[in-house]
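Colleague: A predicted structure for the sequence below; I have some questions about it.
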Amino acid sequence: MPEFEEAIFRGQQEGHIRKELSPHLIVRFLISMKQFLAQPGKLDGCFSMRTISEQLMTMLCHGMLVDRDQHGA
């Protein structure tokens, strides 16, 4: 997916995506997540697709760790 890698690279140059991350690895990570979630029955009954997509987007855009400065650590 060279076009997707190029889009990620442009996002890095514009300051939207962290520059220290490899565009190729970002693409591979996203493809792996998609393939896992596309398997029938993987998440049946756990969450709605809306909840899954909202939480994945939150993790993708904001990460999973809290900012220690804002949480008293």
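Modeller: Noted; the coordinates are in hand.

Colleague: on contacts alone, who are the packing partners of the lengthiest helix in the chain?
Modeller: Across the chain, the longest stretch assigned as helix under DSSP state H is helix 23-38. The elements that helix 23-38 packs onto, with contact taken as 3 or more CB pairs under 8 Å, 6 or more residues apart in numbering; DSSP states H and E, are helix 2-13. From N, CA and C alone the C-beta is placed, and that goes for glycine too.

Colleague: Span of stretch 31-50 from start to end?
Modeller: Using CA to CA, to the nearest Å, one end of stretch 31-50 lies 19 Å from the other.

Colleague: Quick one: mean pLDDT over it.
Modeller: If you average the pLDDT over stretch 31-50, you get 82.

Colleague: any idea how far it is from the chain center?
Modeller: Centre-to-centre, stretch 31-50 and its host chain are 14 Å apart (CA atoms, centre = their mean, to the nearest Å).

Colleague: in it, what's buried?
Modeller: When neighbours are counted by 16 or more other CB atoms under 10 Å, no buried residue of stretch 31-50 is found.

Colleague: Spatially central residue for this protein, please.
Modeller: Nearest to the geometric centre of the chain sits Leu60, at 3.1 Å (CA atoms, centre = their mean).

Colleague: Can you mark which positions in the helix or strand that residue falls within are buried?
Modeller: In this assignment (DSSP states H and E), Leu60 forms part of helix 49-62. When burial is assessed from 16+ other CB under 10 Å, helix 49-62 yields no buried residues.

Colleague: do the same with stretch 12-30
Modeller: Buried positions in stretch 12-30, judged by neighbour count with 16+ other CB under 10 Å: Gln12, Ile17, Pro23, Ile26, Val27.

Colleague: And the contacts of that stretch?
Modeller: Stretch 12-30 has contacts (CB atoms under 8 Å, 6 or more residues apart in numbering) with Met1, Phe4, Glu5, Glu6, Ile8, Phe9, Gly11.

Colleague: quick revisit: I'd like the buried residues of stretch 12-30 laid out as TSV, including pLDDT and distance to Lys42.
Modeller: Formatted as TSV, those follow (pLDDT from 0 to 100; distance: CB to CB, whole Å):
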residue	pLDDT	distance to Lys42
Gln12	94	31
Ile17	91	27
Pro23	95	27
Ile26	93	22
Val27	93	21
